[in-house]
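Novice: output the structure for:
(chains A and B)
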Amino acid sequence: MTKKFLFTVFALLLAGGAALWAADSEPDFAAIMESMDMRSKFEGTDFSSRLTIITEDPEEGVEKQVLNQFRNDDADEFLMITLEPLSKKGQGVLIVEDNAWIYDPESRKFTHMSMKENYEDTDAKMNDFGATSYAEDYEVARYAEGKLGDYNVWIVEWEAINDEVPYPYVTAYIDKASELLLMTKEYSLSKRLLRSSYFLKYARIGEKYISTQMIFKDETMDNTKTTITISSVSLDEVDDSIFTKSYLERVNR
Amino acid sequence: MQIFKIALRNTSRQVRRTSLLSGAIAFGIMIIILLNSFTNGLTENVKENVSRALAGHIYITASEVTQGGIEVARVSDDGVILEAVESSGIEYTSVSHRTSFTGTLSLGSKKTEERVTGIDVAEEQMLLDSLVVKEGSIEAFLADGHSIILSEGLARSIRAEVGDEVLIRLVTQTGQNNLGEFTLGVILPDEGSFGSDRAYAHLGYVNELVNMPADASETINITLVDMEDTSEAALRLISELEKTVEIQDAAEQREAMMNSDGATGAVIDAMRDSMGIEDETDAEGEADNGQRGFGGGAPPMMGPAGRGGMFGAGITRSSLPPGTVTFKLNTIDDYTGAISQLVSTLNYIGYGVFAVLLLITMVGITNTYRMMMLERIKEIGTMRAMGVHRKQVRRIFLYEAGITAFIGAAAGLIVSLVIMLVTGLLSFPEAGDFTMLLDSGHPGYSMNPGVTVGLFIIIVLFSMLAASNPAGKAARVAPAEALRTTK
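Specialist: Okay, the predicted model is just below:
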């Protein structure tokens, strides 16, 4: 009886200790970040969707843009072509590996651009439209648990591990259950809050996730934000010729 | 001498005719002197204003490859440059360090994009003294390392008042986002498209924002004692720097300098000899000036487009090993190349107009002297009968034409000087886009003595040439026949 009692107490203590250890041990954020990156990257398949971008600016008013987006993540190819408004119809962005161009159908000229640039006058950066690379660019400096609305989240402070990422400091709010990014607060090198990004909805496509509704709020300007909605998602094969300059020229003829 | 006196007296015999002829010549001379002086003044004013805005006449930049393989515009070690400046023996008044970036200035919901220049206040007293303060004070700017000077147009575009906090969003040299928090210390009056959108901040804070070491800078600017020595000084500097560091496109830079307006003197001649370069025709050399400059492209610090190669949109990856540093020199001639070309064009147009006026005047002189020859035929006959030689008769006519031309040219010069004096007093404090062309708000003229003397010689010689045919006819008149002639 005594032996059995002692064994039970020992087993309970072991189980409790293991539970406490598990509760106190640091989550594997590197793995979470890698998982987030992997889930945003469409490998082995092409990706296309329709983007609706609504930019609200107290000075410029509200502007709506509709674009078609095509991605071939395996080849690092990306193309975005404007459908609306009519004044910008045919305008395109082509990214092939490290080279990015913007095409103006009026002048019929391509201009080099950077992935770190904002897309037009929106608060979205070019690299907000593609796969993420958090694991490659950031390391975890601090973390805490918290609540974001109804969600239990990890509040993780990331610091850039190179001096080339657009935002050197990021506070990420990651849903504990799904390990999906719900919100980020992005800071300047001087640690001033520059932008808040809200990932309101996700669509699951196989093992992949894509945020279908995002809001980017410029924290340095009053009442300025950009809402991006992604619809008509497809993993159908996209012709390779689409990711070329000649395609952009051709569709504008 | 007697012949000259007769010719001089003859010019006053028909005052009206002489006045008309001289007037036509005076008008042509006046036009060409005014145009030439105006364009010369324009060039000098632009160069002076550009040199003030850019703090110097020679600008040295360096491209450094970071550990991450990105090319950044940064002079980390100014020692090598300062040593080269000293050992080259060039005469300079100051050396200043500057860093600039293009960012988005915002206040509330207002924003505008502009280039901000970081200045070392200890080195730029001349700039600070030259600034006309509309609101705020230079003292307030000097006292606060986060203070900023903005032109009125910029301040107005974001509705900023002195004392307001202005945020400036920018990217560092390697492409990271950063945010500067400035206090508006000074508002300057607008100065047109080149200088209207001016924004100056403290070098230390600007370096911090673009993530550059505090003791580094984007450019090192050298102000020479004499701006005319720019090309020669740049050549000396290239030669000195080449001994210790790598200069980008040194050969091209040298050649461009040698073809530049100010490239004269023993150093250039020696370099030409050592490099086996033969003299080019002046016209071609001058036509190429400025456009080519150093390496042919736009200087790196001339606005966002130039800077784009290094900052923001255009982060440049290098195939060179990290730590590689390449220096580059630009001079004021690179910035004023366009204006120099415009001035050359205007001058050529002026010379064209002058040539047409000269032709018309010559035709007039030929006709007038033909008439004069007929009018004075009896007088010529008398003079010939009294022993005056044919050559002397011819000279009377030629001298008369020369004197008339000289009087006209002198009158043209006097009138143009008066016009220059009067219009030079006009003040255009709100000249907007044209401020860069003015000398402290006044139109500036710079008369070229060589051109003026040349014009005098040309007009006198051509007038004598125009009169040579009637003069020759007058000389060939037989005395007896001339005396028989009735009017």
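Novice: which residues are in contact with the residue nearest to the spatial centre of chain A?
Specialist: The residue lying closest to the centre of chain A (CA atoms, centre = their mean) is A:Asp128, at 5.0 Å. Contacts for A:Asp128 (CB atoms under 8 Å, 6 or more residues apart in numbering or on different chains) come out as A:Tyr119, A:Ser197, A:Met214, A:Phe216, A:Ile228. (Each C-beta comes from the backbone N, C-alpha and C, glycine too.)
Novice: and the fourth one, what helix or strand is that in?
Specialist: The one in question is A:Phe216. If you go by DSSP states H and E, A:Phe216 is part of strand A:208-218.
Novice: follow-up on the earlier one: most widely separated two among the contacts of A:Asp128?
Specialist: The largest distance within the contacts of A:Asp128, taken as CB to CB, falls between A:Tyr119 and A:Ser197 and amounts to 13.7 Å.
Novice: coming back round to it: what helices and strands are in contact with the strand holding A:Phe216?
Specialist: For strand A:208-218, the packing partners by 3 or more CB pairs under 8 Å, 6 or more residues apart in numbering or on different chains; DSSP states H and E come out as helix A:29-40, strand A:193-205, strand A:225-234.
Novice: ok, the shortest one near chain B or not?
Specialist: Just to be clear, that refers to strand A:225-234. No. Contact of strand A:225-234 with chain B (CB under 8 Å from any CB of the partner chain) is absent, the minimum separation being 11.7 Å.
Novice: please enumerate the strands of chain A.
Specialist: Assigned by DSSP state E, chain A shows strands spanning A:47-57, A:61-72, A:77-84, A:92-96, A:99-104, A:109-113, A:138-148, A:151-160, A:169-175, A:181-187, A:193-205, A:208-218, A:225-234.
Novice: for B:Val72, which of the ones you listed is the nearest?
Specialist: Smallest distance to B:Val72 across the strands of chain A (CB to CB): 16.9 Å, for strand A:151-160.
Novice: and the closest one, how far out from the chain middle?
Specialist: Between the centre of strand A:151-160 and the centre of its chain there are 14 Å (CA atoms, centre = their mean, to the nearest Å).
Novice: pull it out as CSV, backbone CA atoms only.
Specialist: Presented in CSV, the C-alpha positions along strand A:151-160 are these (Å, rounded to 0.1, in the frame of the first residue of the first chain):
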residue,chain,number,x,y,z
TYR,A,151,-7.3,35.0,-29.6
ASN,A,152,-4.6,33.8,-27.3
VAL,A,153,-1.4,35.0,-28.9
TRP,A,154,2.3,35.0,-28.6
ILE,A,155,3.6,38.6,-28.6
VAL,A,156,7.0,38.2,-30.1
GLU,A,157,9.5,40.9,-30.6
TRP,A,158,11.6,40.3,-33.7
GLU,A,159,14.9,41.9,-34.5
ALA,A,160,16.4,41.9,-37.9
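Novice: can you say which of the strands of chain A is nearest to B:Ser217?
Specialist: Closest approach to B:Ser217 among those is made by strand A:151-160 (25.1 Å; CB to CB).
Novice: so what are the domain limits for chain B?
Specialist: Under the assignment automatic domain parsing, the domains of chain B span B:2-48+B:339-484, B:57-231+B:302-333.
Novice: what about the last one, how long is it end to end?
Specialist: Start-to-end span of domain B:57-231+B:302-333 (CA to CA, to the nearest Å) is 8 Å.
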